[in-house]
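>>> Sequence plus predicted model, see below.
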Amino acid sequence: MNLNQVTLPVKDMNEAVSFYLTLGMIQIVDTPHYARFQCPDGDATFSLSLETGNYNNGAVIYFEHEQLDELYASLVEKGIRFEQPPTAQRYLWTEAILKDPSGNKIKLYWAGENRLNPPWKVEKEGKKRR
């Protein structure tokens, strides 16, 4: 199994699309109520869905980038506001925190080898289906 995508709710599609294009994403679907992006590295995708009602999205979306400090500086120069600059975390990741125009929380991070192989790694698998 592989994660295909995550869909985020947004209040204003045009504003949200502009924001994610500024982050460097590649737009691959464009409709008034739905947009889909491919990340610039790899083949991961995510989408935006226009929501007209009230919603509360507690999810945090992580985008990995090896040159996190350079990306952060570039985005600040483009007018992107961050709640936290790149900061080393106790769990061995460096994270910068921001929110998109609809309030969805985003963490730009770099974890290197610790992303899949932290010192406290365990290996448990779900039961195989027959």
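Yes, it's here. Numbers count the residues shown, from 1 in each chain.

>>> What's the local residue count around Lys11?
By the criterion of other C-beta atoms under 10 Å, Lys11 has 15 neighbours. To be clear about C-beta, it is placed using only N, CA and C from the backbone, and glycine gets the same treatment.

>>> Next one: the nearest residue to it once chain neighbours are set aside from Met13, what distance?
Residue nearest to Lys11 in three dimensions, not counting chain neighbours: Ser102, with 4.7 Å by C-beta to C-beta, 6 or more residues apart in numbering. Distance of Ser102 to Met13, computed by C-beta to C-beta, to the nearest Å: 10 Å.

>>> In three-state terms, how would the residue nearest to Lys11 be classified?
Three-state call for Ser102 (DSSP: H, G, I helix; E, B strand; the rest coil): coil.

>>> which residues touch it?
Taking C-beta atoms under 8 Å, 6 or more residues apart in numbering, we find Ser102 in contact with 8-12, 15-16.

>>> quick one: which of those residues has the most company?
Neighbour tally across these (other C-beta under 10 Å): the maximum, 27 neighbours, falls on Val10.

>>> before we move on, back to that, I'd like to know which of the contacts of Ser102 is nearest to His65.
Closest approach to His65 among these (C-beta to C-beta): Leu8, at 18.5 Å.

>>> The closest residue to Lys99 other than its chain neighbours and Leu8: what is the separation?
Once flanking residues are discounted, Lys99 sits nearest to Lys105: 5.6 Å by C-beta to C-beta, 6+ apart. Counting by C-beta to C-beta, the gap from Lys105 to Leu8 is 10 Å.

>>> Please identify every residue contacting each of these two.
Common contact partners of Lys105 and Leu8 (C-beta under 8 Å, 6+ apart): 59, 61.

>>> pLDDT weak spots in the chain?
Along the chain, segments meeting pLDDT under 70 span 129-130.

>>> show me where it has helices.
In the chain, the segments counted as helices under DSSP state H are 13-23, 68-77.

>>> beta partners of Ile106?
Per DSSP bridges, the residues bridged to Ile106 are Ile61, Leu98.

>>> Please report the number of neighbouring residues for it.
Neighbour tally, Ile106, other C-beta under 10 Å: 21.
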